[in-house]
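Structure for this input, please:
(one chain, ligands or ions: 1)
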Amino acid sequence: MSALVRSPVGPLCAAARAVIPSIRRGKYFSSGNEPAENPVTPMLRHLMYKIKSTGPITVAEYMKEVLTNPAKGYYVYRDMLGEKGDFITSPEISQIFGELLGIWFISEWMATGKSIAFQLVELGPGKGTLVGDILRVFSQLGSVLKNCDISIHLVEVSQKLSEIQALTLTEEKVPLERNAGSPVYMKGVTKSGIPISWYRDLQDVPKGYSFYLAHEFFDVLPVHKFQKTPQGWREVFIDVDPQVSDKLRFVLAPCATPAAAFIQHDETRDHVEVSPDAGVIIQELSQRIALTGGAALIADYGHDGTKTDTLRGFCGHKLHDVLIAPGTADLTADVDFSYLRRMAQGKVASLGPIKQQTFLKNMGIDVRLKVLLDKSDEPSMRQQLLHGYDMLMNPEKMGERFNFFALLPHQRLHGGRHQMNACQSKPSAFPVAGFSELAWQ
Ligand code: SAH
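The predicted structure is shown next:
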């Protein structure tokens, strides 16, 4: 269990989670320069066997196996989030984060005509903390949402994390329906009485009017890596090291591989990472949003097509060699937002990426912090509120490293460019919250 604690006081009275010693995957980590041990993990044994029998594997295949292999994957059977885990995320640091995102979804729902129903779909929900905070805002604003039929849909591959999510979010007295063989592998009712379902794949989520959320999800999707050489682009593979027993190493493919088709003709970098899985998910989201309306809010650390070699491992809040003890550490690569935008293929409009600091400021984090500080008279609680704010907003911490990016129907931004659908009877005149300065009216 994480040492992070939920506030013992009333739901909207306090926002502190805990004092966090280190941060995940951002700039706050120890260099991990200790001498590298290489224990032979079950995953290493599996990969060595695989490579010896069928040849070197792509970095994408390596990430996929290491993170989500159904039998031994890093994400499948462990709880890696929190102080005692390998990394920590914004919703685990401060409940203000989820509250502001909840307000973002309500604001979009209002700006697009207050549909009679919507699905909130989260990709990679971790411990369920973020959706829990969003649901609390929905309950608090029950008078606004009172005639709206809401359902929650979680896309999660991890058996362990889905159990934690169910514990966090569902009503104990209503037994969960489980069916491991079905695309909807678990179903229940949230503490506030909203239907909630779990899937392994976005494709299986019903195609209704939806708001999609992905926080620190795209960075764990597998990437292919390419290196520019005098002979042209060559893909990076992972092979068994012939010099050292039980050790893996990076090698370059001797000739061009089909995946090189992912590289842009005018690419100027000398090393590129591409995640086709991320592309497929963006295409699916774009199609759904273009067809039925709604929006997707994506938050992650990343760049706009400028960075090169960003693949790295995290274990116990420290950087970790990605080829050592696979299956015991998180693997992650910065999200290339320019690629996500390209993969939307013009079906929807995109906003961002903008810095987390700017987005949260535009969403009113300062006002929210002040309200919570005014309500809290415990010095330790106030301290934690300020500490959480600093972690989320400080440019040296998460404020500049994390970005927000949104996909929206064209008519939401440009009014009338595309055919309207039943859910959106008229183009909206409201600016999209978070992506422009907050205007108090
Ligand atoms: N959004 C959470 C957790 C981020 S960690 C937070 O911000 O705290 C990444 C999450 O994505 C985990 O829940 C992990 O189990 C899930 N995940 C990783 N790969 C996945 C995949 N291919 N499909 C669905 N979920 C995945």
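
Can you say which helix or strand has residue 134 in it?
Assigned by DSSP states H and E, residue 134 falls within helix 129-140.

Next secondary structure element downstream of that helix?
helix 142-145.

The next helix or strand after that following helix - contacts with which helices or strands?
Next helix or strand after helix 142-145 toward the C-terminus (DSSP H and E): strand 149-155. On a contact count with 3 or more CB pairs under 8 Å, 6 or more residues apart in numbering; DSSP states H and E, strand 149-155 meets strand 117-123, helix 129-140, helix 159-169, strand 195-199. Just so you know, the C-beta spots here come from the backbone N, C-alpha and C atoms, and that holds for glycine as well.

List, one by one, the residues from the chain near the ligand.
Contact residues (CB under 6 Å from any ligand atom) of the chain with the ligand: 67-68, 75, 81, 89, 91-92, 124-126, 130, 155-158, 161, 215-217, 220.

Surely residue 225 is within a strand?
Yes. Counting by DSSP: H, G, I helix; E, B strand; the rest coil, one finds residue 225 located in a strand.

Is it correct that residue 76 falls within a helix?
No. Under three-state DSSP, residue 76 sits outside any helix and is assigned coil.

Ignoring the adjacent residues along the chain, who's closest to it?
With sequence-adjacent residues excluded and distances taken as CB to CB, 6 or more residues apart in numbering, residue 76 is closest to residue 158, at 5.4 Å.

for the one you found, what are its contacts?
Contacts for residue 158 (CB atoms under 8 Å, 6 or more residues apart in numbering) come out as 75, 76, 77.

Could you give me the PyMOL syntax to select whichever of the residues you listed are buried?
Entered in PyMOL, the line below selects the buried ones among the contacts of residue 158, by 16 or more other CB atoms under 10 Å:
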select buried, resi 75+76
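
now, which of the contacts of residue 158 sits nearest residue 338?
residue 75 (26.4 Å; CB to CB).

Surely the closest one and residue 216 touch.
No. Contact criterion CB atoms under 8 Å: residue 75 and residue 216 do not qualify, at 12.0 Å.

tell me which residues in stretch 267-280 are buried?
Neighbour-count burial for stretch 267-280 flags 272, 273, 274, 275, 276, 277, 278, 279 (criterion: 16+ other CB under 10 Å).

What segments of the chain are helices?
42-54, 59-68, 90-93, 95-111, 129-140, 142-145, 159-169, 276-292, 337-343, 356-362, 365-375, 379-393, 410-414 (DSSP state H).

so how far is the fifth one off the chain centroid?
Per CA atoms, centre = their mean, to the nearest Å, the displacement of helix 129-140 from the mean C-alpha position of its chain is 17 Å.

Extract the CA atoms of that helix and return them as CSV.
Taking Å, rounded to 0.1, in the frame of the first residue of the first chain, the C-alpha atoms of helix 129-140 are listed here in CSV:
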residue,chain,number,x,y,z
THR,A,129,-7.7,8.2,-7.7
LEU,A,130,-8.2,10.7,-10.6
VAL,A,131,-11.7,9.4,-11.6
GLY,A,132,-12.6,9.3,-7.8
ASP,A,133,-11.8,13.0,-7.5
ILE,A,134,-13.7,13.8,-10.7
LEU,A,135,-16.7,11.9,-9.5
ARG,A,136,-16.6,13.9,-6.2
VAL,A,137,-16.9,17.1,-8.3
PHE,A,138,-19.8,15.6,-10.3
SER,A,139,-21.6,14.8,-7.0
GLN,A,140,-20.9,18.3,-5.6
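
Against which helices or strands is that helix packed?
Helix 129-140 packs on helix 90-93, helix 95-111, strand 117-123, strand 149-155, helix 159-169, strand 210-215, going by 3+ CB pairs under 8 Å, 6+ apart.

List the contacts of that helix.
Under CB under 8 Å, 6+ apart, the answer for helix 129-140 is 11-12, 91-92, 95, 97-99, 101-103, 105-106, 120, 122, 125, 145, 150, 152, 154, 165, 168-169, 190-192, 194, 213, 215.

Please compute how far stretch 273-281 lies from its chain's middle.
That offset, for stretch 273-281, works out to 14 Å (CA atoms, centre = their mean).

now stretch 323-338
On CA atoms, centre = their mean, the centre of stretch 323-338 falls 13 Å from that of its chain.

Any buried residues in it, and which?
323-337.

For the closest residue in space to residue 285 that isn't next to it in sequence, give me its contacts.
In this structure, residue 285 finds its nearest non-sequential neighbour in residue 296, 4.8 Å apart by CB to CB, 6+ apart. Neighbour list for residue 296: 211, 212, 213, 214, 285, 289, 406, 407 [criterion: CB under 8 Å, 6+ apart].
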